[in-house]
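Engineer: Just need the structure, nothing else, for what follows:
(one chain, ligands or ions: 1)
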Amino acid sequence: LGYAIDLEDELVSTNARSKELARQGGVHGQIVLAKHQSAGRGRLQRQWESPRGGLWMSVLLRPNLSLADASKLTLAASVAIVDALRELFQLSIGIKWPNDLIFNGQKIAGILGEVVGEWNAVQTLILGIGINANFPREQLNTSLNATTLHEILGYEVNLNVLAAGILKHLENQVISLEKKAFEELRSNWSERALGLGEEVRILRGEQVFQGIFKGISIDGELILETEDGEKIFTAGEVQLRSK
Ligand code: BTN
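Structural biologist: Numbering: from 1, shown residues only. So this is what the prediction gives:
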C-alpha cells in the first residue's frame, strides 16, 4: 500500500478525492493525504474536524474480497492503527465499536469506510483514517471528548513515519483477510476492544438500548444481550460504563 501518493495542502475531504481517483481507475493501495480538510467527514453523517497537524489519509483498496467483507476491512484498519501506535509510541489504545480509537476514555482517531460504486464490479473501498496528531486538544470542539498524540506524548510526531507504520500494519491485515483469516481478525479485534462482556448502551438514532456487549459477529456486527433477548447492531454509537 502507498506506492501511489497524492499529497495536498488542503482538500474538502481525502475520502471524496480518493473516490474521484477510484472512478478514474485509481490503483489498489493508492493513498491521498491532506494537511488540512475543510469539510472532513465522520461516521453517521457527522463532520470531522481536521486542523493542520493531524494525519488525514484515505487508502483506496481493491482487495480480493466481496462486498460482504467490506466491514471487515474497517475492523482490520482499527486493529492496524492500534498496533502501529503501540509499535511507534508504546501507547495502549482500545477500540470502541465499531472503529473508534480511544486512549484513556478519549478519542484519538477514527475510521470511515466507504464503498465506491458497485463493489461487485469494481471492488473498491475507501478507508478514511483520521488521527489527531500534532495539535493541542483545545483546537477541537470541546464537547468532543477527544485527545491528540501531541497532548499525550508532549512532542510532535513525524506524520510520515506514522502513515508508514499504519500502512505497514494495514497491508498485513488486508493480505490476511484475502486469505480468509476472518476468525483471526475477530479475535484480534476483540482482544483490543473496550467494554466487551460489560454493560453498555447503544444509541441508534433516537433509540437507546441497554445490555451486555457479548461480542461481534464475523462481519463485525455488535451483539447485545438485552432483557428482551439478543440484538444485533450494524450501526450505532456505543456508550461505555467505564469511561
Ligand atoms: C469517525 O470516527 O467518525 C470517522 C472519522 C474519519 C475521518 C477521516 S480523516 C481522513 C478521511 N477523510 C474524511 O473526510 N474522513 C476520513
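Engineer: Which residue is the nearest non-sequential neighbour of the residue in the chain that the ligand sits nearest to?
Structural biologist: Closest to the ligand within the chain is Gly110: 2.2 Å, counting by CB to the nearest ligand atom. Any C-beta I mention is one placed from the backbone N, CA and C, and that applies to glycine too. Nearest residue to Gly110, sequence neighbours excluded (CB to CB, 6 or more residues apart in numbering): Gly130, at 5.2 Å.
Engineer: Run a quick neighbour tally on that neighbour.
Structural biologist: 26 (other CB atoms under 10 Å).
Engineer: Asn188: helix or strand, and which one exactly?
Structural biologist: Element membership for Asn188 (DSSP states H and E) is helix 182-192.
Engineer: and what of Arg52?
Structural biologist: Going by DSSP H and E, Arg52 is not in any helix or strand.
Engineer: got a list of what it touches?
Structural biologist: Residues near Arg52 by CB atoms under 8 Å, 6 or more residues apart in numbering: 35-36, 135.
Engineer: same deal with Ala22?
Structural biologist: 60, 116-117, 122, 124, 126.
Engineer: touching the ligand at all, stretch 125-140?
Structural biologist: Yes. Under the criterion of CB under 6 Å from any ligand atom, the ligand is reached by stretch 125-140 at 128-130.
Engineer: thinking Leu91 is in contact with Phe103, fair?
Structural biologist: Yes. With contact defined as CB atoms under 8 Å, Leu91 counts as touching Phe103 (6.5 Å).
Engineer: What helix or strand is Val161 located in?
Structural biologist: Assigned by DSSP H and E, Val161 falls in helix 159-178.
Engineer: tell me which residues of that helix are tucked away?
Structural biologist: 159, 162-163, 165-170, 173-174, 177 (16 or more other CB atoms under 10 Å).
Engineer: and the two most separated of those residues?
Structural biologist: Leu159 and Leu177 (26.2 Å; CB to CB).
Engineer: can you list the weak-confidence ranges in this structure?
Structural biologist: Residue ranges of the chain with pLDDT under 70: 118-122, 242-243.
Engineer: Let me see the ranges of the helices in it.
Structural biologist: 14-23, 70-89, 119-122, 149-153, 159-178, 182-192 (DSSP state H).
Engineer: where does the fourth one sit relative to the chain's centre, distance-wise?
Structural biologist: Okay, so that is helix 149-153. Put simply, helix 149-153 sits 19 Å off its chain's centre (CA atoms, centre = their mean, to the nearest Å).
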